[in-house]
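**Student:** Sharing a model that was predicted from the sequence below.
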Amino acid sequence: MPSALFVVTAADKWTLADGSARPTGYWAEELIAPHRVFKNAGWDIDFATPNAKAPVVDEYSLEVLSEGDRAEQENYLAEIGPDLEDPLNLADVKEADYDLVFYPGGHGPMEDLAYDQDSAKLLQARIDSGRALSLVCHAPAALLALDNDNWPLKGYTMTGFTNAEEGEETIAAAKWVVETRLRELGADFKQTDPMQPYVEVDRNLYTGQNPASSEPLAQRILRDF
């Protein structure tokens, strides 16, 4: 039975350029949709966070939903709540134990995983292993924790949350944004129209552009297993 490790942000705020902070966390759909796909396919799934801190959902990711969709996602989070509330410590994770390492997004990864060296070690080991690594939306921010001088993903085709999707106001307020930083490091960054599903695969790296890409990304991974 295949196994997946979901590496989830433990941040509950995102610090902006002026030092102020916005509430954040993981984006509900980006965790729920892939989790459901892999769970329904019979996969074993573990969660890991920095310091084994229980992750929090970005409330805005629920507020933007219809009443029915919000209730459905809240029910799913309640169902998997015991696992989410007792994650593995990212520092203790063994990369070789999992067929897939998957990073959901939200602005949270820009606060912690973008700098976390335990995550960087896991990512580097995963890239070197050739086994499946996947990041969606803002989660490619975690790739910034890798050695920027000798960035191992230079030239890789990938996607993530775009500047067009982020919007001028957020870009002006942020310390940095995902698309710009990935391009600066040498990624071959691809995208489609804002908020439309889009998936890129290059070698063992699977990336999705935005929340709408979460389920298609998981389905794309399944086709390769």
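**Tutor:** Everything's here; your move.

**Student:** shouldn't residue 10 be in contact with residue 49?
**Tutor:** Yes. With contacts counted by CB atoms under 8 Å, residue 10 reaches residue 49, the gap being 4.2 Å. To be clear about C-beta, it is placed using only N, CA and C from the backbone, and glycine gets the same treatment.

**Student:** Name the residues contacting each of those two.
**Tutor:** Overlap between the contact sets of residue 10 and residue 49, as judged by CB atoms under 8 Å, 6 or more residues apart in numbering, is given by residue 55.

**Student:** how about the CA coordinates for the helix or strand encompassing residue 200, as PDB?
**Tutor:** Per DSSP states H and E: residue 200 is located in strand 199-202. Provided in PDB are the C-alpha atoms of strand 199-202 (Å, rounded to 0.1, in the frame of the first residue of the first chain):
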ATOM      1  CA  VAL A 199      -0.300  21.100 -13.100                       C
ATOM      2  CA  GLU A 200       3.300  20.700 -14.100                       C
ATOM      3  CA  VAL A 201       5.500  17.600 -13.800                       C
ATOM      4  CA  ASP A 202       9.200  17.600 -14.300                       C
END
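
**Student:** ok, and what's touching that strand?
**Tutor:** Contacts of strand 199-202 (CB under 8 Å, 6+ apart): 156-159, 188, 190, 206-209, 213, 216-217, 220.

**Student:** same thing with stretch 155-166?
**Tutor:** Looking at stretch 155-166 with CB under 8 Å, 6+ apart, the contacting residues turn out to be 105, 135-141, 171, 174, 177-180, 182, 186-191, 194-195, 198-203, 205, 207-210, 213.

**Student:** one step back: can you flag the buried ones in the contacts of strand 199-202?
**Tutor:** By neighbour count, with 16 or more other CB atoms under 10 Å, those hold 156, 158, 159, 190, 206, 207, 208, 209, 213, 216, 217, 220 as buried.
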